[in-house]
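Undergrad: this one's sequence-less:
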């Protein structure tokens, strides 16, 4: 007698919509993978969010529970009921929460009956103390299928949670972020030669590609690659990579990472094509070879439907390439390079990927419920609602490191970088709890370190950094003592290229016929400035002798900020340290 197997089917994908306030709806936990997905609410455990997305503090969500045994990393699976085959596109949306120094990964997969799993969506590492929306279009499925959420956790502190899953008919809105980990994000490339979605370990003989991607920093990570070698792409021919159509935008910032071969990679132009007609150049690669993943930005403004067009041209080399990764479209103006107030995120700063680092910097405000110690107020707004980045030292282990790294900055003979830091660590450290470093050609040099362990106030630092080649700067925290608790926080990083911390222009162009007019104008302005300074000095001495002079401290109180002190909204004077950078530049 043959066995009868009864399988409960969801007749439509809409049935898997769930806010987890009552039960798991059409989802089931696969405990065979390791830790389970668990229903949480409020302050359930120190590994779960303190609020949900639906109702806030009293609502429910699903989170990846603690690991058992001696696992270093384990995965929790959440599987939908078997779904019937579908003939149309459907939009799946959900909210996810990934927060902590050692978070792990969250993935969404699809598995058709009798087939292997296919990745649809993924995120890795801390995403800050907030619920974020994930969405993707589920393509027509020709067989019965299931959707699978997988949360992979490490042995440290961190939360992975999901809430408010919903499904509606039709395609989702265009994606605002693409890491190319699951697919090409609806980018298309046509012709005899095309852009290809590749990874460092694609298994092909050629090594004409980046060895790692930008998103994961591993050989398994993916990116889009244009082979610009002479044989596949003769001089004069171009490869196009075209995005799906986006809706009009009042103001936005497009960011992406780029990597090229060392030998004559060719050129890359980025166009905005409006209404499938007008195509205008908005960005071009003009910095030469880029042997590390380098951030590029361009402002976007249009009142029409539009799409992106990347055009790569060969450089005539026998073996060369151009690759792109991690496209992000933010609904705001592009920040200045190296600058961030952390109110909307990390700007161009990012956590360094493993294996170089072991824990992440986190992003939050003290007004949002969370398990980690943060400053009571930020520096930008001076309120609990303001945001900063921080490391909670009680949640990391001895010898753990956390690096926060800037984007690449161009060569400079001396540019001023200002930042504010705040520490609350009872144990005074011999080497300092926080270091600021410069990274040039994989060589890391410490430029400054904190000398205050438990002042618990925002302190400003000015550093003049210099380098004869492209460089990055960053913040490093190393836990060296188990008694180091409390937090270390950073806020309001401001980079002023070409002007050092004493107000001197350092990177002005000199020589050449094209600079003559600028030199003449600069000379005239200098004469006017000196004359104005002389008049102001005479006026100051005159008023001072008449009893109306002001002391240096009074002048500082008027203007609020100099290289000695900063005056905050409470009119408290906060010390600021001024340090010369140790970078070396060409004379």
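TA: Nice, thanks for sending it over. The model shown is predicted, which means the values in this text are computed figures rather than measured ones.
Undergrad: mind listing the strands for the stretch 201-350 of the chain?
TA: Under the criterion DSSP state E, counting those that start in this stretch, the stretch 201-350 of the chain contains strands at 222-227, 238-242, 249-260, 267-274, 278-284, 294-302, 306-313, 321-330, 350-351.
Undergrad: Which one, of the ones you listed, ends up nearest to residue 79?
TA: strand 222-227 (24.7 Å; C-beta to C-beta). Backbone N, C-alpha and C define where each C-beta goes, glycine included.
Undergrad: now the closest one, how far from the chain's geometric center?
TA: Centre-to-centre, strand 222-227 and its host chain are 21 Å apart (C-alpha atoms, centre = their mean, to the nearest Å).
Undergrad: Which neighbours in the sheet does it have, and how are they oriented?
TA: Strand 222-227 has the following sheet partners, assigned by DSSP bridges: strand 196-199 (antiparallel), strand 321-330 (antiparallel).
Undergrad: List of residues touching it?
TA: 179-181, 184, 187, 193, 195-199, 208-210, 213-215, 233, 239, 241, 259, 268, 310, 312, 320-325 (C-beta atoms under 8 Å, 6 or more residues apart in numbering).
Undergrad: again, only this time at 7 Å
TA: Contact with strand 222-227 is made by 180-181, 184, 187, 195-199, 208-210, 213-214, 233, 239, 241, 312, 321-325, as judged by C-beta atoms under 7 Å, 6 or more residues apart in numbering.
Undergrad: Among the strands paired with strand 222-227, which comes closest to residue 46?
TA: If you check each of these against residue 46 by C-beta to C-beta, strand 321-330 wins as the nearest, at 30.8 Å.
Undergrad: how far away is the nearest residue to residue 393 once chain neighbours are set aside from residue 424?
TA: In this structure, residue 393 finds its nearest non-sequential neighbour in residue 484, 4.8 Å apart by C-beta to C-beta, 6 or more residues apart in numbering. According to C-beta to C-beta, to the nearest Å, residue 484 and residue 424 sit 11 Å apart.
Undergrad: So what's the predicted local confidence for the residue nearest to the spatial centre of the chain?
TA: By C-alpha atoms, centre = their mean, the chain has its centre lying nearest to residue 350, at 4.6 Å. At residue 350, the model reports a pLDDT of 96.
Undergrad: how about it, what does it touch?
TA: residue 405.
Undergrad: Residues in a beta bridge with it, which ones?
TA: residue 405.
Undergrad: how far away is it from residue 214?
TA: Here residue 350 is placed at a distance of 9 Å from residue 214 (C-beta to C-beta).
Undergrad: for residue 277, same thing?
TA: 33 Å.
Undergrad: Compare the two (neighbour count), which wins?
TA: residue 214 (25 against 7; other C-beta atoms under 10 Å).
Undergrad: and the more buried one, how far is that from residue 369?
TA: Counting by C-beta to C-beta - residue 214 and residue 369 are separated by 32 Å.
Undergrad: While we're on residue 59, how confident is the model there?
TA: Predicted confidence (pLDDT) for residue 59: 93.
Undergrad: And for the one 10 residues further on?
TA: Per-residue pLDDT puts residue 69 at 51.
Undergrad: for residue 196, same thing?
TA: pLDDT, read off for residue 196, is 96.
Undergrad: Next up, the contacts around residue 87.
TA: Shown in contact with residue 87 (C-beta under 7 Å, 6+ apart): residue 140.
Undergrad: and the residue nearest to residue 97 when sequence neighbours are not counted, what are its bridge partners?
TA: Spatial nearest neighbour of residue 97, chain neighbours left out: residue 161 (4.2 Å); criterion: C-beta to C-beta, 6+ apart. Counting by DSSP bridges, residue 161 is bridged to residue 63, residue 97.
Undergrad: For residue 161, which residues are in contact?
TA: 40, 48, 49, 61, 62, 63, 96, 97.
Undergrad: now do residue 210
TA: Taking C-beta under 7 Å, 6+ apart as the contact definition, residue 210 lies against 200, 223, 259, 323.
Undergrad: same thing with residue 284?
TA: 267, 269.
Undergrad: go on, residue 159?
TA: 47, 48, 49, 63, 97, 99, 100 are the contacts of residue 159 under C-beta under 7 Å, 6+ apart.
Undergrad: Likewise for residue 165?
TA: Residue 165 makes contact with 16, 17, 18, 94, according to C-beta under 7 Å, 6+ apart.
Undergrad: Within the helices and strands, which one has it?
TA: strand 159-169 (DSSP states H and E).
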